[in-house]
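Participant: model the structure of this input:
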Amino acid sequence: MCLILTPLVYLWVKDIHLLLLAFAVYGFFIQGCFSWTPIWLPELFPTRMRATTAGFIFNAPRLISAIAPLIAGTLIVGLGGYGKAATIIGMFYIARVHSEVTGGKRGRNHLPIEDSSGRDYRGYP
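Facilitator: Residues are numbered from 1 along each chain as shown. The predicted model follows:
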């Protein structure tokens, strides 16, 4: 859904009221990737470590992405505008998915089907 909404929001929406509605829908789908963290994450760690671990996992990406506004500004100026930059960067995600689905250069799928013990991820012995 985000592949459809990114060019729609950044290239074709010109009316401010429609832009607010488009961003509301876009934000719903973008934030969905973080919905697992408050539910599933605490169950992974012992009680004495939960607060520290949850704090680290919620806030470490914020610290890492603090440089993002500088990089984004450079890309927006270099690529000729906000809409063009968002669409061009989005194409990298499409290329990655295409590479994983088609097998890339080697003519095979890059995703492993066996773990180190030889057990097949697809459920076969």
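
Participant: quick one, grab the pLDDT at the residue nearest the centre of the chain.
Facilitator: What sits nearest the mean C-alpha location of the chain, by C-alpha atoms, centre = their mean, is residue 33, with 7.3 Å. Note on residue 33: pLDDT of 71.

Participant: now do residue 124
Facilitator: 50.

Participant: quick one: buried residues of the helix or strand that contains residue 101?
Facilitator: For residue 101, the element it lies in under DSSP states H and E is helix 82-102. By 16 or more other C-beta atoms under 10 Å, the buried positions in helix 82-102 come out as 83, 85, 86. Glycine gets a C-beta too; all of them are placed from N, C-alpha and C.

Participant: follow-up on the earlier one: from residue 61, how far off is the residue nearest to the centre of the chain?
Facilitator: According to C-beta to C-beta, to the nearest Å, residue 33 and residue 61 sit 11 Å apart.

Participant: for residue 93, list the residues it contacts.
Facilitator: residue 3 (C-beta atoms under 8 Å, 6 or more residues apart in numbering).

Participant: how about the contacts made by residue 22?
Facilitator: Contacts of residue 22 by C-beta under 8 Å, 6+ apart are 5, 8, 9, 13.

Participant: for this structure, which spans come out with low pLDDT?
Facilitator: Residue ranges of the chain with pLDDT under 70: 1-2, 103-125.

Participant: hmm, 90 instead?
Facilitator: In the predicted model of the chain, residues 1-76, 79-125 satisfy pLDDT under 90.

Participant: helices along that one, start to end?
Facilitator: 2-7, 16-31, 37-40, 50-64, 68-79, 82-102 (DSSP state H).

Participant: who does the fifth one touch, helix- and strand-wise?
Facilitator: Helix 68-79 is packed against helix 82-102, with contacts defined by 3 or more C-beta pairs under 8 Å, 6 or more residues apart in numbering; DSSP states H and E.

Participant: dump the residue contacts of the nearest residue to residue 86 once chain neighbours are set aside.
Facilitator: Nearest non-adjacent residue to residue 86, counting by C-beta to C-beta, 6 or more residues apart in numbering: residue 10, 4.3 Å away. Going by C-beta under 8 Å, 6+ apart, residue 10 touches 82, 83, 86, 87.
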